[in-house]
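Engineer: I would like to see how this sequence folds:
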Amino acid sequence: MWTIHAVFQNDGEWFIARCLDVPVTTQGRTLAAAKKNLREAVELYFETWGRPKRTKAAKEVYLTSMEVAA
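Structural biologist: Predicted coordinates:
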């Protein structure tokens, strides 16, 4: 079993799912569908590219908003 960290964002019509540990992004019409699709996409990534080598697994992930100059 492998624990991943993900961000889910609703754009009004779709839920966008991004894995923070490997470069995988997918979507679904519902949050449940986006989670399912992300799980499948990450598993396919691992089958294709292998699991990333980690020296230390992340214990906590923080999500925040920031302003930047445009």
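Engineer: where do the helices sit along this structure?
Structural biologist: Remark: helices assigned in the chain by DSSP state H are 31-49.
Engineer: Against V68, how distant is the spatially most central residue of it?
Structural biologist: Among the residues of the chain, the one closest to the centroid is C19, at 1.8 Å (C-alpha atoms, centre = their mean). According to C-beta to C-beta, to the nearest Å, C19 stands 23 Å off from V68. Placement of C-beta: from N, CA and C, glycine included.
Engineer: Please apply the same query to T25.
Structural biologist: From T25 to V68 the distance is 21 Å (C-beta to C-beta).
Engineer: Tell me which of those two has more neighbours.
Structural biologist: T25 (13 against 4; other C-beta atoms under 10 Å).
Engineer: what about A17, neighbour count?
Structural biologist: 24.
Engineer: That one against A6, yeah?
Structural biologist: Yes - between A17 and A6 there is a contact under C-beta atoms under 8 Å: 5.9 Å.
Engineer: Touching both of those two, which residues are there?
Structural biologist: The contact sets of A17 and A6 overlap at K35, L38 (C-beta atoms under 8 Å, 6 or more residues apart in numbering).
Engineer: before we move on, back to that, beta partners for the residue nearest to the centre of the chain?
Structural biologist: A6 (DSSP bridges).
Engineer: so who does it touch?
Structural biologist: Per C-beta under 8 Å, 6+ apart, neighbours of C19: I4, H5, A6, T25, L38, A41, V42.
Engineer: What about the second one? Give its phi and psi, please.
Structural biologist: Comment: the main-chain dihedrals of H5 come out as phi -110, psi 140, following degrees, to the nearest 10.
Engineer: what separates it from V61, distance-wise?
Structural biologist: Taken as C-beta to C-beta, the span from H5 to V61 is 5 Å.
Engineer: Cheers, nothing more for now.
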